[in-house]
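Asker: here is a sequence together with a model predicted from it:
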Amino acid sequence: MESEEELRRVARERAKRKADFYVHLAVYLAVNAFLVVLWWATGGGFPWFVFPLFGWGIGIAAHFMEAFIGHGFVDRIAEREYERLRRRR
């Protein structure tokens, strides 16, 4: 069983990952909104803004999975490795 201090450390790490994702998302939205406005202000035409929107969107999706889904997956794998190492002793 983990100590209270260890649980607080893990909780703080997870909260930081989630906060970092929200900052990343806010920057993504602001920059891509600017690109859409720039495209519109320069006369429209071919919607070139979709390339950074989708490319960066892949990064946002990966960051979301790491921040909100990945930690559980990593924790499970780490626990299995820990048990495997303990059995070897």
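Answerer: Looks like it came in fine. Numbers count the residues shown, from 1 in each chain.
Asker: separation between the residue most central in space within the chain and Arg17?
Answerer: In the chain, the centroid-proximal residue (Cα atoms, centre = their mean) is His63; its distance is 2.0 Å. From His63 across to Arg17, the span is 9 Å (Cβ to Cβ, to the nearest Å). (Each C-beta comes from the backbone N, C-alpha and C, glycine too.)
Asker: the closest residue in space to Phe49 that isn't next to it in sequence is in what secondary structure piece?
Answerer: Excluding the flanking residues, the one nearest Phe49 by Cβ to Cβ, 6 or more residues apart in numbering is Leu35, at 4.3 Å. Per DSSP states H and E, Leu35 falls inside helix 4-41.
Asker: tell me the helix or strand right after the helix or strand where Ile58 lies.
Answerer: Using DSSP H and E, Ile58 maps to helix 50-64. The helix or strand immediately downstream of helix 50-64 is helix 71-88, counting by DSSP H and E.
Asker: between that next one and helix 4-41, how many degrees?
Answerer: Helix 71-88 runs at 140 degrees relative to helix 4-41, counting by axes from the mean of the first three to the mean of the last three Cα atoms, to 10 degrees.
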